[in-house]
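In: What follows is a protein structure lacking sequence information:
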């Protein structure tokens with residue numbers, strides 16, 4: 001009975017990944033970046049810069065508020081309520097994207113920023129439930145299951161929206177594109193619900209008002225920064241994660257734009273491309289989740305970062321669609337592997353009593369703040385040189401320096 005209950009908790013937890021990855025693939029990675037550049041900005045030469053700026057702003061705001069909310073959530077043990085609020089606003093603004101049209105640059109940016117803050121902010125609290133649903137020895141495996149379910153969700157939403165997308169990102173297909181945003185919002189909402197019912201949360205303390213939580217959250221964040229020397233491994237890992245995650249998030253943010261602009265992909269080819277990426281990501285999440293439990297999260301991360309560097313180098317010299325398909329398949333495997341092993345290593349290094357606070361730094365400050373630099377740098381480089389290849393090559397620096405810092409982390 002206990003084993004069945006444990007499986008139910010894990011399954012309910014992974015369904016949130018199943019739902020929110022639909023938002024990630026449709027709104028952050030695939031459809032909306034192209035929609036914003038081609039439809040909203042009118043395919044402006046500065047489209048890469050505009051999109052990079054929008055992504056960076058959303059991540060900057062999330063980076064500022066997530067550690068505070070994470071610490072406040074950890075103190076009150078009221079993570080579910082905050083997770084629901086973030087999820088609700090993400091779903092709502094995703095649906096409202098269906099109202100965006102040509103020339104609505106500010107409104108289109110504003111709705112995306114709120115939706116992405118809801119998505120990214122919610123992950124802080126979602127990740128912090130990992131130690132509550134499984135034992136330490138299974139962190140890598142269960143984390144891998146979560147990411148695998150997420151990629152299954154991405155495949156599901158791409159399949160559901162295929163008929164709306166197959167005619168391309170064009171004004172003539174505007175009505176179908178808008179419908180795909182509504183489908184994504186509904187999908188996200190439905191599959192986010194189980195985590196609120198099957199994953200337990202012990203209620204230990206309630207304050208009379210929200211200002212109490214904010215005050216204590218800020219206080220705990222200050223205390224964490226001040227005493228970070230006591231958590232040297234956490235500090236080193238967070239710096240490493242900040243760097244290499246910047247490269248990963250930049251690739252995610254510009255993948256569809258690179259495919260269309262540099263490799264001349266059609267939308268139908270792009271759907272096939274992302275199906276390939278999501279399929280390989282499922283394999284990467286599961287296989288490297290098991291490898292993480294066998295050889296350790298740090299060694300797994302070292303392997304993936306070396307492979308990321310190789311992928312960036314090959315991408316710079318690639319010109320054919322077939323080569324880009326192969327790159328996409330490799331990126332999918334590495335995406336699942338690096339995300340899963342990163343979350344596992346963070347769970348291992350983080351003291352249980354500070355799980356939401358430290359995951360706030362991990363997902364909130366380092367994870368989101370890292371995405372401020374990469375997308376903006378990519379957009380600036382692309383607009384300055386009118387060539388995305390130089391921008392692609394610059395991503396490798398984030399993986400290289402992140403790897404060098406990771407080598408100094410002790411897996412304790």
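Out: Nice, thanks for sending it over. Every value quoted in this text rests on a predicted model; they were computed, and no experiment measured them.
In: Looking at stretch 169-180 now, give me its mean pLDDT.
Out: Averaging pLDDT along stretch 169-180 gives 94.
In: make that stretch 321-328, sorry
Out: Stretch 321-328 carries an average pLDDT of 92.
In: mind checking how far it is from the chain centre?
Out: Remark: stretch 321-328 is offset 22 Å from the chain centroid, using Cα atoms, centre = their mean, to the nearest Å.
In: Can you give me the buried ones in it?
Out: Across stretch 321-328, burial judged by 16 or more other Cβ atoms under 10 Å covers 324, 325, 327, 328. All C-beta spots, glycine's among them, are computed from the backbone N, C-alpha and C.
In: what about residue 134, how many residues close to it?
Out: When neighbours are defined as other Cβ atoms under 10 Å, residue 134 has 19 of them.
In: roughly how far apart are the closest residue to it other than its chain neighbours and residue 344?
Out: Here the nearest residue to residue 134 in space, its sequence neighbours aside, is residue 142; by Cβ to Cβ, 6 or more residues apart in numbering that works out to 4.5 Å. Using Cβ to Cβ, to the nearest Å, residue 142 is found at 9 Å from residue 344.
In: What is the end-to-end distance of stretch 355-366?
Out: Stretch 355-366 has an end-to-end distance of 15 Å (criterion: Cα to Cα, to the nearest Å).
In: pLDDT averaged over it - what is it?
Out: For stretch 355-366, mean pLDDT is 71.
In: these two touch, right, residue 104 and residue 40?
Out: Yes: with contact defined as Cβ atoms under 8 Å, residue 104 counts as touching residue 40 (5.9 Å).
In: So which bits of the one helix or strand residue 395 maps to are buried?
Out: Counting by DSSP states H and E, the element that carries residue 395 is helix 388-406. Applying a neighbour-count criterion of 16+ other Cβ under 10 Å, one finds 388-389, 391-392, 394-403, 405-406 buried in helix 388-406.
In: Ok, stretch 185-203 next?
Out: By neighbour count on 16+ other Cβ under 10 Å, the buried set for stretch 185-203 is 185, 186, 187, 188, 189, 191, 192, 194, 195, 198, 199.
In: residue ranges with poor pLDDT in the stretch 151-300 of the chain?
Out: For the stretch 151-300 of the chain, the stretches with pLDDT under 70 are 202-210, 213, 227-228.
In: re the thing from before, in a markdown table: the buried residues of stretch 185-203, plus distance to residue 46 and secondary structure.
Out: As requested, the buried residues of stretch 185-203 are exported to a markdown table (distance: Cβ to Cβ, whole Å; DSSP: H, G, I helix; E, B strand; the rest coil):
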| residue | distance to residue 46 | secondary structure |
| --- | --- | --- |
| 185 | 29 | helix |
| 186 | 33 | helix |
| 187 | 32 | helix |
| 188 | 30 | helix |
| 189 | 34 | helix |
| 191 | 36 | helix |
| 192 | 35 | helix |
| 194 | 42 | helix |
| 195 | 40 | helix |
| 198 | 46 | helix |
| 199 | 44 | coil |
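In: of all those residues, which comes closest to residue 370?
Out: The nearest member of those to residue 370, counting by Cβ to Cβ, is residue 188 at 23.7 Å.
In: The closest one contacts residue 25, doesn't it?
Out: No: counting by Cβ under 8 Å, residue 188 stays clear of residue 25, with 11.0 Å between them.
In: and the closest residue to residue 17 other than its chain neighbours, how far is that from residue 93?
Out: Distance criterion Cβ to Cβ, 6+ apart; nearest residue to residue 17, sequence neighbours excluded, is residue 150 at 3.7 Å. Between residue 150 and residue 93 the computed distance is 20 Å (Cβ to Cβ).
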